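Engineer: dropping the sequence and predicted coords here.
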Amino acid sequence: MSSNHFLAGGTTLLALVSAALLLTACGGPPGGPPPQPSGPPRVGVLVVQPQRVALDTELPGRTVPYQIAEVRPQVTGLIQARHFEEGSLVKAGQPLYQIDAASYQASYDSARATLAKSEANLRSTRLKSERYSELVAIKAVSQQDQDDASAALQQGEADVAAAQAALETARINLAYTRVVSPITGRIGRSSVTPGALVTANQAATLSTVQQLDPIYVDVTQSSSSVLRLRRALAQGELKSGGPNAAVVKLVLEDGSTYPLAGRLQFSDVTVDQGTGAITLRGVFPNPNADLLPGMYVRAVIEEGVSDQALLVPQPAVSRDGAGKPVAYVVGADGKLEARSITTGRAIGDKWLVTSGLQAGDRLVVEGQQKARPGQPVDALPLAPSASASAARVAAN
């Protein structure tokens with residue numbers, strides 16, 4: 001080996017040794033173990049405090065007309081005219097259709113003439129009966145003649161009553177040729193046009209009138225939820241919201257909130273055997289017809305008020321291997337504790353805890369992953385209204 005190669009190799013070795021010494025002086029080679037933190041892990045805690053919470057339930061439902069009337073003819077005849085505009089608002093008693101009334105007018109006139117004839121015969125029979133009553137007292141006529149006159153009077157009175165009934169029937173049939181709206185509401189499309197033949201009490205409707213102001217909203221709630229609510233009220237866990245407890249709000253299909261509140265008017269007394277649900281009915285003002293029959297809505301119903309509700313942030317609740325909710329608290333000895341809890345419903349970004357936590361517990365909201373149960377921790381209080389990003393605990 002030449003002297004030049006020896007000198008080159010020695011120079012390379014010297015450079016490597018110098019680099020190693022430089023790295024050692026700067027704190028160690030890259031990838032080495034990080035500096036160990038001093039002291040116990042820091043966690044952010046909130047003190048659990050009971051608060052007054054109104055418990056709401058959001059249920060799916062459909063809008064239903066407050067009143068609905070199917071318009072059908074009650075006499076047979078040809079439609080002569082239609083007196084409404086489809087989709088318009090009609091009043092109770094407003095004419096909708098006119099059926100040809102010629103034959104019914106003739107029947108009415110005939111019945112009126114028959115009544116007049118019966119009344120004329122009755123006057124003559126009554127006078128004869130009155131005279132015979134006086135003559136039989138002085139034996140001027142026989143008792144048989146007087147009995148015949150009395151019977152004729154009763155028959156005449158019956159004839160008049162029958163003629164009056166026939167006239168009233170003819171009058172009703174004549175009035176039925178003028179088809180009117182039975183209720184005030186919005187009328188749909190017409191199934192017939194002038195010239196169509198309709199029959200009395202036919203199955204097909206001429207049109208339909210629906211009252212939409214106010215309007216019903218029918219929702220369903222499981223019977224188990226109703227039982228749980230009643231049990232909580234009986235045990236004092238919930239309090240009735242008072243006169244405003246029956247207030248219902250609506251969320252429409254597009255996610256917007258209906259501006260007018262309604263009231264819970266009816267709760268069914270029978271559980272549907274197929275679904276196990278109970279029907280609830282609310283009534284809502286609908287002055288602008290924003291709610292149409294058959295619309296899908298979500299009703300928000302206030303069930304009651306809990307004076308001692310425990311609400312915890314959702315990030316503070318995790319799940320164990322069995323999927324059950326677990327929360328971590330800092331005990332009086334400053335050590336981390338794992339608590340199995342029971343959660344009810346989600347209210348906003350919080351869980352309603354029904355068991356496992358007590359008022360005054362220091363609940364770990366952030367940093368619980370840095371320590372194990374039983375390990376001492378440094379608990380730093382968080383503001384209850386602070387967001388997770390603003391209240392983040394430093395790693396060291």
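Structural biologist: Cool, got the structure. This structure is a prediction, so every number in the text was calculated from the model and none was measured. Residues are numbered from 1 along each chain as shown.
Engineer: state the number of residues packed around residue 368.
Structural biologist: Using other CB atoms under 10 Å, residue 368 has 25 neighbouring residues. Yep, even glycine has a C-beta here, placed from its N, CA and C like the rest.
Engineer: can you pull the phi/psi pair for it?
Structural biologist: Main-chain dihedrals, residue 368, degrees, to the nearest 10: phi -70, psi -20.
Engineer: got a list of what it touches?
Structural biologist: By CB atoms under 8 Å, 6 or more residues apart in numbering, residue 368 lies in contact with 43, 316, 318, 328, 336.
Engineer: apply 6 Å and report the result again.
Structural biologist: For residue 368, the contact set (CB atoms under 6 Å, 6 or more residues apart in numbering) comprises residue 328.
Engineer: from residue 332, how far out is it?
Structural biologist: 18 Å (CB to CB, to the nearest Å).
Engineer: where does the prediction get shaky in the stretch 1-150 of the chain?
Structural biologist: 1-38 (pLDDT under 70).
Engineer: now the helices for it?
Structural biologist: 3-25, 102-135, 143-176 (DSSP state H, counting those that start in this stretch).
Engineer: using TSV, please lay out those helices together with mean neighbour count and distance to residue 53.
Structural biologist: Listed next are the helices of the stretch 1-150 of the chain as TSV, based on neighbours: other CB atoms under 10 Å; distance: least, CB to CB, whole Å:
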stretch	mean neighbour count	distance to residue 53
helix 3-25	10	60
helix 102-135	15	67
helix 143-176	16	59
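Engineer: and of those helices, who's closest to residue 342?
Structural biologist: helix 3-25 (56.0 Å; CB to CB).
Engineer: can you list the helices of the stretch 1-150 of the chain in a markdown table and add distance to residue 302?
Structural biologist: Shown next, in a markdown table, are these (distance: least, CB to CB, whole Å):
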| stretch | distance to residue 302 |
| --- | --- |
| helix 3-25 | 69 |
| helix 102-135 | 56 |
| helix 143-176 | 49 |
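Engineer: residue 90 is nearest to which of these?
Structural biologist: Nearest of the helices of the stretch 1-150 of the chain (CB to CB): helix 143-176, 17.9 Å.
Engineer: that closest one - contacts with which helices or strands?
Structural biologist: helix 102-135 (3 or more CB pairs under 6 Å, 6 or more residues apart in numbering; DSSP states H and E).
Engineer: off-centre distance for the helix it packs on?
Structural biologist: 62 Å (CA atoms, centre = their mean, to the nearest Å).
Engineer: related to what we said a few turns ago, for residue 86, which of the helices of the stretch 1-150 of the chain is the nearest?
Structural biologist: It is, among the helices of the stretch 1-150 of the chain and with distance given as CB to CB, helix 143-176, at 22.4 Å.
Engineer: ok, residues contacting the helix or strand following that closest one?
Structural biologist: Using DSSP states H and E, the helix or strand that follows helix 143-176 in sequence is strand 178-180. Strand 178-180 has contacts (CB under 6 Å, 6+ apart) with 93, 95-97.
Engineer: next, the buried residues of strand 178-180.
Structural biologist: Of the residues in strand 178-180, 179-180 count as buried by neighbour count, 16 or more other CB atoms under 10 Å.
Engineer: any figure for the gap between residue 127 and residue 104?
Structural biologist: 36 Å.
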